[in-house]
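# Starting from these lines, generate the structure:
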Amino acid sequence: MAEIIKMPRMSDTMEEGNIIAWHKKEGDKIAPGDLLAEIETDKATMDFESLWEGHLLHIAVKEGAVPVEAVIAVIGGKDEDWKAALQSAGVSSNGKTGPAEAPAATVNVTKTETAPVVAEAVAAGGGIRVKASPLAKSVAKEAGVDIAQVQGSGDHGRIIKRDIEAFLEKAPAPAIAAPAAEMPAVPAFTFAGEGDAFEDKPISQMRKTIARRLAESKFSAPHFYLTMEINMDKVVEVRPKLNELAAPVKISFNDIVVKAAAAALRKHPAVNTSWLGDKIRTNKHINIGVAVAVDEGLLVPVIRHADMKSLSHINLEVRALAEKARNRKLQPEEMTGNTFTISNLGMFGIEEFTGIINTPDACILAVGAIVQKPIVRDGAIVVGNMMKVTLSCDHRVVDGATGAQFLQTVKAILEEPIRLLV
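Residues are numbered from 1 along each chain as shown. So this is what the prediction gives:
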């Protein structure tokens, strides 16, 4: 009996998947474990492997965005009637429910534009199709690179972002023209044509999900904000010594903040909670999500049991997960299970900001830059290394006093970092 293959839900927040490429063609024999297709979710590009045995009778959607649970293919016996199988399931030949419809229009890609969900870009001038990730195509387009000239290092020769970057590094510098003997006439200033006044960029699966989840969080959870300034003098003083002990690992200020927050959460379990509609869950494990900026938005890999890990362990794990995030290689299990989130914009010079809660967490800690400023110590004005943090709280779960006590503990730990060893 033919199996109707539907778009799987490959992450807890996935609403639709973007078919990048099929690795099998209609008529191919299929065995369990065979790689069928590459699917871009809201968080990563993942391999879709077969659980079925038979022949690939029909591909309903060659490429593009497909809602979860929509039909994408049919697998069955070599001579089985796949149309009858779809008809009996109330699905048309193009994978849509309901009566048969005309096939979807093919996306035509020209030299000057890139289809938003196509995995194979058409090379300039020859009609040759080149396999490339959506991110690689975007980078190549911005840099003016002919993607057909780039050698791919991804699976099956697929061009990925680092291939474009490597190509740009090796490209010869443009020749510098000799200065003109005379000052050229100033050309008349003209306005761009109406069509050149803006550029529309298709929304990626990741950006769609970020927009939906943040809107749900902001407009469903009643946020309130608590800001506290912390003297980081002793952290600044002790960090070089920690790096000597942890060499070759280089512990960052963010690693220390993660560890301090984890220790504070252990003392304030009411902050390590989740709102579940009809109940409040107090999480026994402390799993801290660390926001990582990527080209298409924001990903939040999770450091599990952060309170039980050393600073060097946290550093190595954050760096590894951040690298995977930037390469869109994070797996769903590496981005789920968070009980608290930290977002740090200090490295960009941002001194203070507020974050939107990363559901189902009850709180998110926004960390600003360490700034040298005059402070009063023992009646004298001295220079201090000061850092502001802001705790965004879901008022359905966390009250003002609870959030304030948590921040007091974070402050006490960071102002006396030896507490991390106790």
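# Tell me which stretches of the stretch 51-200 of the chain form strands.
54-59, 64-67, 71-76, 120-122, 129-131 (DSSP state E, counting those that start in this stretch).
# per-stretch mean pLDDT over those, give me the minimum one.
Ranked by mean pLDDT, the strands of the stretch 51-200 of the chain bottom out at strand 120-122, with a mean of 47.
# now residue 267: how far from residue 405?
Remark: distance between residue 267 and residue 405 (C-beta to C-beta, to the nearest Å) = 9 Å. Where you see a C-beta, it was placed from the backbone N, CA and C, and this is true even at glycine.
# Among the strands of the stretch 51-200 of the chain, which comes closest to residue 34?
strand 54-59 (9.3 Å; C-beta to C-beta).
# Now that closest one - C-alpha only, PDB.
Presented in PDB, the C-alpha positions along strand 54-59 are these (Å, rounded to 0.1, in the frame of the first residue of the first chain):
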ATOM      1  CA  GLY A  54       9.500   1.000  -2.000                       C
ATOM      2  CA  HIS A  55       9.800   3.400  -4.900                       C
ATOM      3  CA  LEU A  56       9.400   7.200  -5.000                       C
ATOM      4  CA  LEU A  57       6.300   7.300  -7.000                       C
ATOM      5  CA  HIS A  58       5.500  11.000  -6.900                       C
ATOM      6  CA  ILE A  59       7.000  14.200  -5.700                       C
END
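# Mind listing the strands it pairs with, and their directions?
Looking at strand 54-59 with DSSP bridges, its partner strands are strand 29-30 (antiparallel), strand 71-76 (antiparallel).
# Which one, of those, ends up nearest to residue 48?
Of all the strands paired with strand 54-59, strand 71-76 comes closest under C-beta to C-beta, at 8.8 Å.
# Residues touching the closest one, excluding its own?
Residues outside strand 71-76 that contact it (C-beta atoms under 8 Å, 6 or more residues apart in numbering): 1-7, 19, 30, 36-37, 50, 52-61, 66, 82, 85-86, 89, 91, 95-96.
# ChimeraX command for the buried members of these?
Selection command for ChimeraX covering only the buried members of those, criterion 16 or more other C-beta atoms under 10 Å:
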select :2,3,4,5,6,7,19,30,36,37,50,52,54,55,56,57,58,59,60,61,66,82,85,86,91,95,96
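# what's across from residue 48 in the sheet?
Where residue 48 sits in a bridge, its partners, by DSSP bridges, are residue 37.
# quick revisit: winner for burial among the strands paired with strand 54-59?
strand 71-76 (a mean of 24; mean count of other C-beta atoms under 10 Å).
# could I get that strand in PDB with only the CA atoms?
Once non-C-alpha atoms are left out, strand 71-76 reads as follows in PDB (Å, rounded to 0.1, in the frame of the first residue of the first chain):
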ATOM      1  CA  VAL A  71       1.700  16.100   1.400                       C
ATOM      2  CA  ILE A  72       5.200  16.200  -0.200                       C
ATOM      3  CA  ALA A  73       5.600  12.800  -1.800                       C
ATOM      4  CA  VAL A  74       4.200   9.300  -2.300                       C
ATOM      5  CA  ILE A  75       6.200   6.000  -1.800                       C
ATOM      6  CA  GLY A  76       4.900   2.600  -2.700                       C
END
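# Any idea how far that strand is from the middle of the chain?
Counting by C-alpha atoms, centre = their mean, to the nearest Å, strand 71-76 is centred 30 Å from the centre of its parent chain.
# what's the answer for stretch 397-404, then?
29 Å.
# got it, and stretch 3-16?
With C-alpha atoms, centre = their mean as the basis, the mean position of stretch 3-16 lies at 18 Å from the chain mean.
# In CSV, list the strands of the stretch 51-200 of the chain along with distance to residue 203.
Output for the strands of the stretch 51-200 of the chain, formatted as CSV (distance: least, C-beta to C-beta, whole Å):
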stretch, distance to residue 203
strand 54-59, 25
strand 64-67, 10
strand 71-76, 21
strand 120-122, 19
strand 129-131, 23
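# I'd like to know which of those strands is closest to residue 295.
Nearest to residue 295, of the strands of the stretch 51-200 of the chain and by C-beta to C-beta, is strand 120-122 at 17.0 Å.
# Test of understanding: give the bridge partners of the residue nearest the centre of the chain.
Most central in the chain under C-alpha atoms, centre = their mean is residue 299, positioned 3.1 Å from the mean C-alpha point. Under the criterion DSSP bridges, residue 299 forms beta bridges with residue 292.
# Much appreciated, bye for now.
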